[in-house]
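Engineer: Got a sequence here, can you model it:
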Amino acid sequence: MPLSPPIPILIVDDEADLRNLLVEALEDQGYAAVGADGGAQALARVRERHFPVIFTDLNMPGGLSGLELLRAIHDEDPRAMGILMTGYATTESAIQALKRGAYDFIQKPFKLAEIEASLERALEHYRLLRENEEYQQNLERMVEARTQEILGLKNDIEKLFEGFVNASVTAIEARDPSTSGHSSRVADLTVGLAEAVNLTPNGPYGALHFTPTQIREIRYASLLHDFGKVGVREQVLVKAKKIEGERLESIYQRLHQRTLEAMRDRMLDAWSKGGAFDHDAMGLLLKQQEDETHRLMDLVRRSNEPTVLPQEVAHELNLLEDLTYQHWSGKRRTLIERQDLDLLKIPKGSLSDEERVEIQNHVTYTYRFLSQIPWTSELAGVPEIAWAHHERLNGKGYPRQLKEPDIPVQSKLMAVSDVYDALTAADRPYKAAVSVERSLEILEQEAKVNLLDSEVLRIFLEARIFERTLGHGRTP
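Structural biologist: Just a heads-up that it's a prediction; the model follows:
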């Protein structure tokens, strides 16, 4: 069924300003755009006429949600193409949208150009679907239409994978905005490195040549290598200090309270013995107590940094073990709980052993998720490549402690790119950026101790692959 202009388009959003803006913009493009303020009005309009494409907001208070509306619209008109708009994009909402018939998923705020591009793709897909219906109904045209159908289907699959991968990267970066762009940069570096391997005539990888399809497989694996981070608790994922928030404030408050308690006890002791109030003596005592408190607070602050913990500072932390304060119930309690003291004693970084394991588990989460996707035979290696990007040649990587022979070459390429980008990325809450020169030195050190592949690193350096991301969140 051909689409004759003006093509009807339905915009469903409870925000009148945004809804009217999109309606006017699409009308200017020659579409017969119509607005609806919620699910009920949208269903009424769908019952009145057929809309090839329907844009709907995800969260609409007081009625059907966007996902519920998509399901209801599908029951009324299975041919309508749904495009979900939301300011709260999550992996779950994206997956649910695709399951319930949505063709595309757009995150607010967006540009009108993104709406137009998504609409054009949806209308093209709509046309292909209608052509397929006509093909099924008219068997006599099968031979003529088969070639175009196969090409169109292949194009649709590629678009679907590309859209899915991009939506997944958006979901990853939404969890940790400070790492925004990391997945794309790692993909750019790893693809460049694979292309450089193809141009290497000799050495261990001289006979290796990646086909365009394998390059695409490497790109997808690189883009999705950190997808499992959506399964890591946010407070662990972006943890900048060993102790944060209210727990840290509580320690400072108890140290301050300890000063007041000491002053109170001294005054009560003096008065119980008939002593008079000595302003100068009490002032000196207060200063001494406050100096000690400030020293202990400074000790906590220094220990709380994610940098390497000096041995003398770690030893000094033992002074905090026996400190107590008076709880409101009247009982004496330990000022710093054992769990917090253990966190302050972390020798390097901000994560406890348990939190580090949780972070490392993101690789396994990634593999489990990617393994559920029905990749084509040409892309079947994506899960395995992503799974091994934190493995190291000497078996000291994770999660499986694989050694050099068992690590896919593609994962070895990605490992160099991932470490380089993590080092040179702009300052993050839990680490400072490292210069390109220093980062390359660190890569060479890791290759010398058999963590990274020395031949891969040689190609990375000689082909100057690292220059591909200079100026994109890099430290010079």
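
Engineer: where in the chain is pLDDT low?
Structural biologist: Low-confidence regions of the chain, defined here as pLDDT under 70, cover residues 1-2, 88-101, 139-145, 147, 150, 178, 275-278, 281, 427-431, 471-476.

Engineer: Quickly list the domain ranges of it.
Structural biologist: Domain ranges of the chain: 8-172, 178-232+357-469, 245-350, per automatic domain parsing.

Engineer: Output those domains as TSV; include the columns distance to residue 238 and mean neighbour count.
Structural biologist: C-beta: built from backbone N, CA, C; applies to glycine. Formatted as TSV, these follow (distance: least, Cβ to Cβ, whole Å; neighbours: other Cβ atoms under 10 Å):
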stretch	distance to residue 238	mean neighbour count
domain 8-172	13	17
domain 178-232+357-469	6	18
domain 245-350	10	14
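
Engineer: okay if I get the ones you listed as a markdown table plus distance to residue 239?
Structural biologist: What follows is those, written out as a markdown table (distance: least, Cβ to Cβ, whole Å):
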| stretch | distance to residue 239 |
| --- | --- |
| domain 8-172 | 17 |
| domain 178-232+357-469 | 6 |
| domain 245-350 | 5 |
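
Engineer: For residue 358, give its distance to residue 229.
Structural biologist: When Cβ to Cβ, to the nearest Å is applied, the distance between residue 358 and residue 229 equals 10 Å.

Engineer: now do residue 273
Structural biologist: Applying Cβ to Cβ, one obtains 63 Å for the distance of residue 273 from residue 229.

Engineer: same thing with residue 297?
Structural biologist: Look at residue 297 and residue 229: by Cβ to Cβ, they are 34 Å apart.

Engineer: ditto for residue 304
Structural biologist: To residue 229, residue 304 is 24 Å away according to Cβ to Cβ.

Engineer: Tell me how many other residues surround residue 237.
Structural biologist: 19 (other Cβ atoms under 10 Å).

Engineer: quick one: contacts for it?
Structural biologist: For residue 237, the contacting residues are 175, 176, 229, 359, by Cβ atoms under 8 Å, 6 or more residues apart in numbering.

Engineer: Which helix or which strand is home to the last one?
Structural biologist: Counting by DSSP states H and E, the element that carries residue 359 is helix 353-360.

Engineer: Give me the residues contacting that helix.
Structural biologist: In this structure, residues lying in contact with helix 353-360 by Cβ under 8 Å, 6+ apart are 232, 233, 236, 237, 239, 349, 351, 390, 398, 399.

Engineer: Distance to residue 158 added to the residues you listed, as a markdown table?
Structural biologist: Putting these into a markdown table (distance: Cβ to Cβ, whole Å) gives the following:
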| residue | distance to residue 158 |
| --- | --- |
| 232 | 30 |
| 233 | 35 |
| 236 | 36 |
| 237 | 31 |
| 239 | 38 |
| 349 | 41 |
| 351 | 39 |
| 390 | 29 |
| 398 | 33 |
| 399 | 31 |
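
Engineer: Of those residues, which pair is most distant in space?
Structural biologist: Longest distance between any two of the contacts of helix 353-360 is 20.0 Å, between 239 and 399; criterion Cβ to Cβ.

Engineer: show me what contacts the residue nearest to residue 205 when sequence neighbours are not counted?
Structural biologist: Using Cβ to Cβ, 6 or more residues apart in numbering and skipping residues adjacent in sequence, the residue nearest residue 205 is residue 197, 5.2 Å away. Taking Cβ under 8 Å, 6+ apart as the criterion, residue 197 is in contact with 205, 208, 209, 210, 413, 456, 459.

Engineer: next helix or strand past the host helix or strand of residue 197?
Structural biologist: Residue 197 is located in helix 182-198, with elements delineated by DSSP H and E. Moving toward the C-terminus from helix 182-198, the next helix or strand (DSSP H and E) is helix 212-223.

Engineer: which helices and strands does the longest helix along the chain pack with?
Structural biologist: Taking residue count as the measure and DSSP state H as the definition, the longest helix of the chain comes out as helix 142-175. Identification of packing neighbours for helix 142-175 by 3 or more Cβ pairs under 8 Å, 6 or more residues apart in numbering; DSSP states H and E yields helix 91-99, strand 102-107, helix 112-137, helix 182-198, helix 212-223.

Engineer: As a markdown table, the ones you listed with distance to residue 40 would be great.
Structural biologist: Shown next, in a markdown table, are these (distance: least, Cβ to Cβ, whole Å):
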| stretch | distance to residue 40 |
| --- | --- |
| helix 91-99 | 20 |
| strand 102-107 | 20 |
| helix 112-137 | 24 |
| helix 182-198 | 40 |
| helix 212-223 | 39 |
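
Engineer: Look up phi and psi at residue 224.
Structural biologist: phi -100, psi 10 (degrees, to the nearest 10).

Engineer: ignore the last one, residue 55
Structural biologist: Listed backbone geometry of residue 55 is phi -90, psi 130, with angles given as degrees, to the nearest 10.

Engineer: ok, now which ones touch it?
Structural biologist: With contacts defined as Cβ under 8 Å, 6+ apart, residue 55 is in contact with 9, 10, 11, 12, 13, 22, 83, 85, 115, 119.

Engineer: quick one: the fourth one and residue 58 touch, right?
Structural biologist: No: under the criterion of Cβ atoms under 8 Å, residue 12 is not in contact with residue 58, lying 10.5 Å apart.

Engineer: Now list whatever residues contact both of these two.
Structural biologist: Here residue 12 and residue 58 share the contacting residues residue 66, scored by Cβ under 8 Å, 6+ apart.

Engineer: Residue 362 - nearest residue in space that isn't next to it in sequence?
Structural biologist: Nearest residue to residue 362 in three dimensions, chain neighbours excluded: residue 228, at 3.8 Å (Cβ to Cβ, 6+ apart).

Engineer: Three-state assignment for the one you found, please.
Structural biologist: Here residue 228 is helix, with the state taken from DSSP: H, G, I helix; E, B strand; the rest coil.

Engineer: you'd agree it is up against residue 383?
Structural biologist: No: with contacts defined as Cβ under 8 Å, residue 228 does not count as touching residue 383, sitting 11.0 Å away.

Engineer: Common neighbours of the two, please.
Structural biologist: Residues touching both residue 228 and residue 383 (Cβ under 8 Å, 6+ apart): 366, 367.

Engineer: If we ignore the residues flanking it in sequence, what's nearest residue 119?
Structural biologist: residue 53 (5.9 Å).

Engineer: Quick one: residues contacting that neighbour.
Structural biologist: Contact partners of residue 53, counting by Cβ under 8 Å, 6+ apart, are 7, 9, 10, 80, 81, 83, 103, 119, 122, 123, 126.

Engineer: again with residue 416
Structural biologist: Contacts for residue 416 (Cβ under 8 Å, 6+ apart) come out as 189, 193, 443, 452, 453, 456, 457, 460.

Engineer: Mind doing that once more with 7 Å?
Structural biologist: If you count contacts by Cβ atoms under 7 Å, 6 or more residues apart in numbering, residue 416 has them with 193, 443, 452, 456, 457, 460.

Engineer: This completes my enquiry, with thanks.
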